[in-house]
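In: just need the structure, nothing else, for what follows:
(one chain, ligands or ions: 1)
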Amino acid sequence: MDRIKEAIEAVVSRYHTANPFLIAERLNIEVDWAELGHMPLGKTIHDGEMPIVMLNNSLRYSPQRYFVMAHELGHVILHEGLNSYYTGLSTGHDKLENEANEFGVGLMGLLYVEDNDRLPETVDEIQREYGIY
Ligand SMILES: [Zn+2]
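Out: Okay, here's the model as predicted:
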């Protein structure tokens with residue numbers, strides 16, 4: 001099994017939810033809604049060792065907030081300790097973004113099952129529900 005699927009399964013079985021906001025709460029990750037303008041939709045900053053996820057206020061009532069939060073959680077869980085790397089240098093940035101997206105999409109698949117008590121019939125269904133871009 002790949003590292004990202006493994007990370008998703010570990011988190012979901014540990015916290016008994018695939019809801020990224022509940023997972024963040026249980027990991028004591030601070031989540032702040034902020035005026036970030038048009039972009040980015042979310043970003044993770046660090047206060048010393050502590051990650052703080054900033055989410056764009058424009059997503060506050062949008063289902064897309066779940067995916068954006070899951071993406072940022074992916075960075076925190078998969079890339080902890082690499083933060084100077086992923087905020088600073090451009091080398092490897094795409095790879096890290098792809099990994100965070102993969103984490104987000106995988107988590108949303110499980111959240112769908114949690115919310116709907118069934119598997120989604122199509123990938124479209126998950127995308128529509130959580131605004132995955
Ligand atoms: Zn990212």
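In: and Gly42, how close does it get to the ion?
Out: 7 Å (CB to the ion, to the nearest Å). The way it works is simple: take the backbone N, C-alpha and C, and place the C-beta from them, glycine included.
In: swap that for Thr122, sorry
Out: 25 Å.
In: what's the answer for Leu73, then?
Out: According to CB to the ion, Leu73 and the ion sit 10 Å apart.
In: tell me where the chain has strands.
Out: Using DSSP state E, the strands of the chain run over residues 30-34, 42-47, 50-56.
In: check those strands for me and report the most buried one.
Out: Mean neighbour counts were compared across the strands of the chain using mean count of other CB atoms under 10 Å; the top stretch is strand 50-56, at a mean of 19.
In: ok, Leu73 - how many residues close by?
Out: Here the neighbour count serves as a burial measure; for Leu73 (other CB atoms under 10 Å) it reads 28.
In: show me the contacts for it.
Out: For Leu73, the contact set (CB atoms under 8 Å, 6 or more residues apart in numbering) comprises 20, 23-24, 29, 53, 103-104, 107.
In: got a markdown table for the residues you listed, with pLDDT and distance to Thr122 too?
Out: Formatted as a markdown table, the entries for the contacts of Leu73 read as follows, by pLDDT from 0 to 100; distance: CB to CB, whole Å:
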| residue | pLDDT | distance to Thr122 |
| --- | --- | --- |
| Pro20 | 98 | 22 |
| Ile23 | 97 | 25 |
| Ala24 | 97 | 28 |
| Ile29 | 94 | 31 |
| Val53 | 96 | 29 |
| Phe103 | 96 | 21 |
| Gly104 | 95 | 18 |
| Leu107 | 96 | 18 |
